[in-house]
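1. turn this into a structure:
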Amino acid sequence: MKRISMLLIVCALIMSYGNLKAQGEAAVPFLLIAPDSRAGGIGESGGGLADNSSAIFWNPAGIAFLTGSEFGFTHSEWLPQFKLDLFYDYATYRQYIDDLGGSITASITYMNYGEFVRTGSNDPTPLGTFRSFDAALTLGYATKIGNDWGLGFNFRVIHSRLADKPTEEEQGKGVATSVSFDIGTMWRPEHLEIPFVGNFGNRFSAGINLSNIGPKIYYIDQAQADPIPTNFRLGFALRPFEDEFNSLTLTADFSKLLVDKGEAFRGKIDTTKTQKRKEFYETLFTAWADQPLREELRDIVTSLGLEYWYGIPSEFMFALRAGFFYEDPDYGNRKFVTLGAGIRYDMYGFDFGYITTDVFKGSENHPLNNTLRFSVLIGWGSVTKPTQGFPRGI
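-> Residues are numbered from 1 along each chain as shown. I've put the predicted structure just below:
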């Protein structure tokens, strides 16, 4: 048990995803945590690769190019620098159904904040204990709309339980439930002839994913509602080299939060009034132009990755990964290097991802430093076809 403020935990999570703070502190930031070890090892970039069940998070349209079934599970001790009992779990499942012409998908996301001792504001005497967590259940569908295009949709139920009773004189509980949805598309051409370079058919893909589109969430009353972290992601993946035993893949993602920054950002805050945020259907458009163009470009997060595989697909392979994540200093200042490795044996796969900020001066004690992720996946029933795209990652 921990005698520690719930506010400290939430602030720590927001610090680890600093762009949320710059954007007006959107609620339920756990929805933006990169869930799987593989993408975590390549700079948290997966919007253009998206070739396993974790594509539910990165870009559900990538699953349109896959067949068979797959189960995946990731576990991570979160924010290790704080030495708290936080952990993050992510489970996924995808199933291709020929009669539906595509795959159905599901995922469960769970962020555990642990058990806390409840005390009064001015009295340290314990009044009881409570547990805190955030969770989300996602259901989706992905299908091809042509040889080169995939389309994917997700629907999500979000449940946040920060406290089971109100604080002092406030009404309601620290419990909230909301919904959101995602829509993604991917272009993975069967034939892509580049002059003087060669044919990159099935070795290049580009994807767009709009995730966490939905209404604001509130714990006490609607007047205090905060937006959920609606996110735009543009991703690319390119395999410049591949032979019988080796392959090299490059990835790049560019993402931007589409939430209302609030009046405080614009310097017009009136502390005597409740600050009303714009609705999600408005910010899908206005969040691109609520500041000068130069600032909008600085607000974009960049993720780069490199993945090398050696082995025989469907038998035994191992992978080495590296990546780089960058966020502008004025918009969160997250920057770190990622490393990773993985193996595939028959229908089983194991991946490992690691985050380090030690290479950047002054970032040694960043909340994300030394974060480890471990993933296991089991895939069966897939049919290897050239149109599946990047089969070594499956």
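2. look up the closest residue to S303, ignoring the ones flanking it.
-> Using C-beta to C-beta, 6 or more residues apart in numbering and skipping residues adjacent in sequence, the residue nearest S303 is S45, 3.8 Å away. From N, CA and C alone the C-beta is placed, and that goes for glycine too.
3. nearest residue to the middle of the chain?
-> Nearest to the geometric centre of the chain sits A34, at 3.6 Å (C-alpha atoms, centre = their mean).
4. now that residue: how far from E242?
-> Using C-beta to C-beta, to the nearest Å, A34 is found at 26 Å from E242.
5. could you count how many residues lie near Q224?
-> 13 (other C-beta atoms under 10 Å).
6. test my guess that it contacts Y218.
-> Yes. Q224 is within contact range of Y218, at 5.6 Å (criterion: C-beta atoms under 8 Å).
7. burial measure for D85, as a count.
-> D85: 13 surrounding residues under other C-beta under 10 Å.
8. so it, which state does it fall into?
-> What DSSP: H, G, I helix; E, B strand; the rest coil gives for D85 is coil.
9. and L86, how many neighbours?
-> Neighbour tally, L86, other C-beta under 10 Å: 20.
10. should've said L297
-> Applying other C-beta under 10 Å, I find that L297 has 10 neighbouring residues.
11. tell me if it really is in a helix.
-> Yes. L297 forms part of a helix when assessed by three-state DSSP.
12. if I look at it, how far off is D330?
-> 12 Å.
13. residues touching the residue nearest to S303, list them.
-> A39, G235, T251, A252, D253, S303, L304, G305, G323 (C-beta atoms under 8 Å, 6 or more residues apart in numbering).
14. that one: helix or strand, and which one exactly?
-> Applying DSSP states H and E as the criterion places S45 outside every helix and strand.
15. could you check the pLDDT of it?
-> You'll see S45 listed with a pLDDT of 96.
16. can you give me the distance of it to N231?
-> 14 Å.
17. and if you look at G48?
-> As judged by C-beta to C-beta, G48 and N231 stand 15 Å apart.
18. just N246 next, same as before
-> Counting by C-beta to C-beta, the gap from N246 to N231 is 34 Å.
19. the two: which is more packed in?
-> N231 (21 against 13).
20. mind listing what that one touches?
-> Each residue near N231 by C-beta under 8 Å, 6+ apart is listed here: L32, N209, L210, S211, N212, S255, K256, L257, L258.
21. out of those, which sit inside strands?
-> N209, L210, S211, N212, S255, K256, L257 (DSSP state E).
22. I figured the last one hits L210, correct?
-> This points to L257. No. L257 is not in contact with L210 according to C-beta under 8 Å; the separation is 11.5 Å.
23. which residue ranges of the stretch 151-300 of the chain form strands?
-> Ranges of strands within the stretch 151-300 of the chain are 174-187, 193-194, 198-199, 204-213, 231-242, 246-257, based on DSSP state E, counting those that start in this stretch.
24. quick one: list the elements packing against the fourth one.
-> It stands for strand 204-213. Helices and strands touching strand 204-213, by 3 or more C-beta pairs under 8 Å, 6 or more residues apart in numbering; DSSP states H and E, are helix 55-58, strand 174-187, strand 231-242, helix 280-286.
25. change it to 7 Å
-> strand 174-187, strand 231-242 (3 or more C-beta pairs under 7 Å, 6 or more residues apart in numbering; DSSP states H and E).
26. any chance of those in a markdown table, plus distance to E70 and mean pLDDT?
-> Formatted as a markdown table, these follow (distance: least, C-beta to C-beta, whole Å; pLDDT from 0 to 100):
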| stretch | distance to E70 | mean pLDDT |
| --- | --- | --- |
| strand 174-187 | 17 | 94 |
| strand 231-242 | 18 | 95 |
